[in-house]
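Enquirer: no FASTA, just this:
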């Protein structure tokens, strides 16, 4: 990513304000905004390289989470709320859509030989989404420190990339 693109993204993240979620309509608007953030294309910033695109997508999400830790916590709380199956279903759909997008990027990287031939893109995407959820839970279980989350995310993604290069999923 260019310095200009990073600066624009930071300004957009800082200006992001979630809608009230007390009503069903507010929850849908909240999820629509989150979906817009998650599904933001990273191809242009990555120069057409799928592994770079995966890197940009992951780090964009982690930077957003570091600035707005309440967002993933709210999503995870809704996901765990068995009394509200409607919102649970919408959150699952959002996660599934994001996982599918990651799998598509990983499949493109596999076609170019950047990912091990025996890696299943769907399983690898599931692992990456689980890694993101784990980072959110551990980062918010203790007093939240943005720098620590970003460091742990960088380390976790580096490990994930190494595993993608030659591991069976």
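Expert: Here it is on my side, so go on. Keep in mind the model is a prediction, meaning the values are calculated, not measured.
Enquirer: next one: phi and psi at residue 84?
Expert: phi -130, psi 80 (degrees, to the nearest 10).
Enquirer: so which strand or helix has the nearest residue to it once chain neighbours are set aside?
Expert: Excluding the flanking residues, the one nearest residue 84 by Cβ to Cβ, 6 or more residues apart in numbering is residue 78, at 6.9 Å. The way it works is simple: take the backbone N, C-alpha and C, and place the C-beta from them, glycine included. Element membership for residue 78, per DSSP states H and E: helix 70-80.
Enquirer: mind listing what's buried along the helix or strand following that helix?
Expert: Next helix or strand after helix 70-80 toward the C-terminus (DSSP H and E): helix 85-111. Neighbour-count burial for helix 85-111 flags 87, 90-91, 94-95, 98-99, 101-103, 105-110 (criterion: 16 or more other Cβ atoms under 10 Å).
Enquirer: from those, pick the one nearest residue 63.
Expert: Set against residue 63, the nearest of the buried residues of helix 85-111 by Cβ to Cβ is residue 98 (15.7 Å).
Enquirer: coming back round to it: list the contacts for the residue nearest to residue 84?
Expert: 27, 84, 87, 88, 91 (Cβ atoms under 8 Å, 6 or more residues apart in numbering).
Enquirer: any idea how far it is from residue 55?
Expert: Applying Cβ to Cβ, to the nearest Å, the value for residue 78 to residue 55 is 28 Å.
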